[in-house]
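>>> Provided below are the primary sequence and the corresponding predicted coordinates.
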Amino acid sequence: MAVSFLLLVLFGLSYAQQRNTATINVLVLRETNGKPVRNAEVVLHLLDKDGKTKQDAIELKTHEDGRAEAGGVPFGRWRVQVIAKGFQTYGNDQDILQPQLELTIKLQKPKDQFSIYK
């Protein structure tokens, strides 16, 4: 009886942890032609209620197909940043409140800068 109760409690805790985490699939594309961006760095920062980072970041790299995946991501508000050579850095806050999240991010080329100095 005690073993059954212990197994039930452990299963309940495991289920609760699984329910409160997500798998995030990120697809990074070039805005101009829709082709994948490989080796882009995807950084996820968990935010507190004031919008400040709470703990260490999750860092991913995109594969040749422009995809990266992170599992076991706790529910909450996250700051998503994507950094890739030759593109503007992307940043946006994202609420993660469901077990599966698909993000498609289109990176832009840097804008021309104007200066009075030559």
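Noted; the coordinates are in hand.
>>> pLDDT score assigned to residue 65?
For residue 65, the pLDDT comes out at 97.
>>> pull the number of nearby residues for it.
10 (other CB atoms under 10 Å). C-beta: built from backbone N, CA, C; applies to glycine.
>>> the one 3 residues further on too?
By the criterion of other CB under 10 Å, residue 68 has 20 neighbours.
>>> quick check, central residue of this structure?
residue 44 (4.7 Å; CA atoms, centre = their mean).
>>> before we move on, what SS does that one have?
strand (DSSP: H, G, I helix; E, B strand; the rest coil).
>>> for it, give the beta-bridge partners.
Listed by DSSP bridges, the beta-bridge partners for residue 44 are residue 58, residue 80.
>>> make residue 1 into 22 and carry on from there
Done: numbering now begins at 22, and the last item shifts to residue 65.
>>> just list the residues touching it, thanks.
45, 78, 79, 80, 81, 91, 94, 99, 100, 101, 102 (CB atoms under 8 Å, 6 or more residues apart in numbering).
>>> in this structure, which spans are helices?
23-40 (DSSP state H).
>>> any regions of it where pLDDT drops low?
Of all residues in the chain, those with pLDDT under 70 make up the ranges 22-40, 139.
>>> apply 90 and report the result again.
22-41, 69-78, 131-139 (pLDDT under 90).
>>> list the helices and strands the longest strand seen in it packs on?
The residue-count maximum for a strand in the chain (DSSP state E) belongs to strand 42-51. Applying 3 or more CB pairs under 8 Å, 6 or more residues apart in numbering; DSSP states H and E, one finds that strand 42-51 contacts strand 62-67, strand 88-95, strand 97-104, strand 121-128.
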